[in-house]
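my questions are about this predicted structure, shown below with the sequence.
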Amino acid sequence: YVIAVIAVYVDESVDPEEFKKIDAAAKRLNVQAWSAKLKGRLLFELSKRRKADTTAEAQAADGAQAARSTTSASDESYNHLLVLELADRNLNTVLTHDHVAGNDFPQIRMIMSQLAHALDHLHSKERIHADFKPLNAARELTWKLIDMDVSRKFDESFGTKLPSSGYCPPEVAKVLLAATDQDTGKVDTLLLKEYTASEAYDLWSFGVVLYHLCFATPLWKTDTDDNIIFSDLHKLADASDAEPLRKVLDDALYNGVKPNAPDDLMVATALLRKLLEPDAQKRLEHFESARSFMKGVLDEPFFQGKGLDEATLAGIQEDIRKVWEEQNNETATKQAMQAALFLL
């Protein structure tokens with residue numbers, strides 16, 4: 001379910017006690033840590049190449065990927081190297097080059113079904129990925145997850161690693177916004193601990209990726225680090241007034257509810273309404289009847305390959321109508337409360 005680590009090389013300068021810790025961690029991955037002369041040209045070249053190659057193809061072609069680090073290659077803390085299975089491409093490549101998005105729904109189902117199973121496996125270990133996005137899904141025979149550096153245990157406080165705001169849910173965006181200096185844009189990562197890990201995070205991220213594949217356009221415009229602009233972060237984070245976010249979602253999903261919408265897109269839209277529910281608890285409730293939340297996603301008509309013969313047009317539209325009605329009632333209630341407070 002994940003791109004596996006196949007070797008760990010530790011710089012010979014690392015003291016024996018630190019090496020033992022790294023070796024113990026490596027053994028939990030069923031690999032052995034090896035002492036090697038990493039300082040100098042090898043590590044420098046890998047680090048330089050990693051900074052220069054920002055495309056998915058380059059990252060996959062390297063075969064060996066240095067562990068993420070905010071330090072330079074000459075920094076003493078940059079002292080070990082992970083070698084991963086060679087993936088032939090990642091999902092970002094598919095979105096960019098393969099003309100699958102918005103066209104090949106059987107292929108979309110296959111890709112996202114495999115990734116849903118991967119997330120479900122991770123959740124069975126009581127962890128969330130917390131950074132699920134196209135660049136973090138790679139194909140090595142089957143589609144697998146990569147980059148687990150943001151992953152957290154259930155109910156564990158968020159670490160100091162920044163999430164990708166273009167794929168984080170509203171409840172995380174709220175914490176991220178509060179931790180961001182509005183003048184400088186710098187984030188106090190220590191404040192990210194206000195968020196505690198929940199499967200609702202991965203459900204939203206899964207929805208954002210599925211939306212891109214089904215509608216052939218991203219839900220948000222993002223930069224090269226998969227982050228959204230400050231004004232969009234405000235829309236995503238403003239839990240006190242979800243109307244701007246709901247308008248973004250309504251506009252984004254409009255083509256999936258038109259009478260002439262393709263059957264596959266209409267069925268996908270019914271699922272996306274649930275995955276992209278702004279309220280984290282309600283997002284979970286949409287899938288709570290299944291053995292796990294991701295199994296609930298996989299039980300949806302979209303992943304069961306049900307067309308209009310089995311999941312009828314009326315049923316799908318009723319599903320969408322109920323979700324919309326619930327969301328609109330919630331918005332109306334908040335507006336009424338605000339009006340009452342104003343009169344007081």
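Received it, and whenever you're ready, just let me know what you need. Just so it is clear, the structure is predicted and the values come from calculations on it, not from any experiment.

state the three-state secondary structure for residue 101.
For residue 101, the assignment made with DSSP: H, G, I helix; E, B strand; the rest coil gives coil.

next up, the contacts around the spatially closest residue to residue 155 that is not a sequence neighbour.
Across the structure, with C-beta to C-beta, 6 or more residues apart in numbering as the measure, the residue nearest residue 155 apart from its sequence neighbours is residue 196 (5.2 Å). Quick note: C-beta positions are derived from backbone N, CA and C, even for glycine. Applying C-beta atoms under 8 Å, 6 or more residues apart in numbering to residue 196 gives the contacts 155, 156, 157, 158.

tell me which of the residues you listed fall in helices.
Secondary structure assignment (DSSP state H) places none of the contacts of residue 196 within helices.

and which of those residues is nearest residue 31?
residue 156 (25.0 Å; C-beta to C-beta).

give me the low-pLDDT residue ranges for the stretch 101-250 of the chain?
Residue ranges of the stretch 101-250 of the chain with pLDDT under 70: 239-241.

just the helices in it please.
Secondary structure of the stretch 101-250 of the chain (DSSP state H, counting those that start in this stretch): helices located at 105-124, 170-178, 199-215, 230-237, 243-253.

starting at the chain centroid, how far to the longest one?
I take that to be helix 105-124. 13 Å (C-alpha atoms, centre = their mean, to the nearest Å).

buried ones in that helix?
Along helix 105-124, the positions that meet the burial threshold by neighbour count (16 or more other C-beta atoms under 10 Å) are 105, 108-109, 111-113, 115-120, 122-123.

try the second one
Along helix 170-178, these residues count as buried under the neighbour rule (16+ other C-beta under 10 Å): 170, 171, 172, 173, 174, 175, 176, 177.

of those residues, which is the nearest to residue 33?
Sorting the buried residues of helix 170-178 by how near they are to residue 33, with C-beta to C-beta, puts residue 172 at the top with 33.6 Å.

if we can go back for a sec, return the member of the buried residues of helix 170-178 nearest to residue 145.
For residue 145, the nearest member of these is residue 172. The distance, counting by C-beta to C-beta, is 18.4 Å.

any idea what sits nearest the closest one, other than its immediate chain neighbours?
Taking C-beta to C-beta, 6+ apart as the measure, residue 172 lies nearest to residue 195, with 5.5 Å between them; neighbours along the chain are not counted.

how about residue 7?
Leaving out its chain neighbours, the residue that sits closest to residue 7 by C-beta to C-beta, 6+ apart is residue 83, at 4.1 Å.

the one you found belongs to a strand?
Yes: residue assignment for residue 83, taken from three-state DSSP, places it within a strand.

ok so, going back, who's in contact with the residue nearest to residue 172?
Taking C-beta under 8 Å, 6+ apart, we find residue 195 in contact with 157, 158, 171, 172, 175.

run the last query once more with 7 Å
Counting by C-beta atoms under 7 Å, 6 or more residues apart in numbering, residue 195 makes contact with 158, 171, 172, 175.

one more: residue 132?
If you count contacts by C-beta under 7 Å, 6+ apart, residue 132 has them with 119, 167, 202, 205, 206, 209.

quick one on the thing from earlier: wait, the residue nearest to residue 7 touches residue 6, no?
Yes: under the criterion of C-beta atoms under 7 Å, residue 83 lies in contact with residue 6, with a separation of 5.5 Å.

average model confidence for the longest strand along the chain?
Criterion DSSP state E: the longest strand present in the chain is strand 5-11. For strand 5-11, mean pLDDT rounds to 82.

quick one: residues in contact with it.
With contact meaning C-beta under 7 Å, 6+ apart, strand 5-11 is reached by 19, 22, 26, 29, 31, 33-36, 38-39, 79-85.

do the same with stretch 274-283
169-171, 198, 200, 203-204, 206-207, 210, 242, 245-246, 249, 286, 323.

which one of the residues you listed is nearest to residue 304?
Closest to residue 304, out of all of the contacts of stretch 274-283 and judged by C-beta to C-beta, is residue 210, at 14.8 Å.

so the closest one versus residue 105, what's the distance?
In this structure, residue 210 and residue 105 are 11 Å apart, going by C-beta to C-beta, to the nearest Å.

what does residue 193 give?
40 Å.

among the contacts of strand 5-11, name the ones in strands.
Restricting those to those inside strands, with DSSP E as the criterion, leaves 33, 34, 35, 36, 80, 81, 82, 83, 84.

can you give me the neighbour number for the closest residue to the fifth one other than its chain neighbours?
With C-beta to C-beta, 6+ apart as the measure, residue 10 is the residue that lies nearest to residue 80, at 4.7 Å, once sequence neighbours are left out. Using other C-beta atoms under 10 Å as the criterion, residue 10 is surrounded by 19 other residues.

bridging residues for residue 10?
According to DSSP bridges, residue 35, residue 80 are recorded as the beta-bridge partners of residue 10.

can you tell me how far it is from residue 157?
On the measure of C-beta to C-beta, residue 10 and residue 157 end up 29 Å apart.

what of residue 173?
When residue 173 is compared with residue 157 (using C-beta to C-beta), they lie 17 Å apart.

just residue 94 next, same as before
Counting by C-beta to C-beta, the gap from residue 94 to residue 157 is 34 Å.

these two: who's more crowded?
The neighbour count for residue 94 versus residue 157, taken as other C-beta under 10 Å, is higher for residue 94 (22 against 12).

can you tell me the SS state at the more buried one?
Looking at residue 94 with three-state DSSP, the answer is helix.
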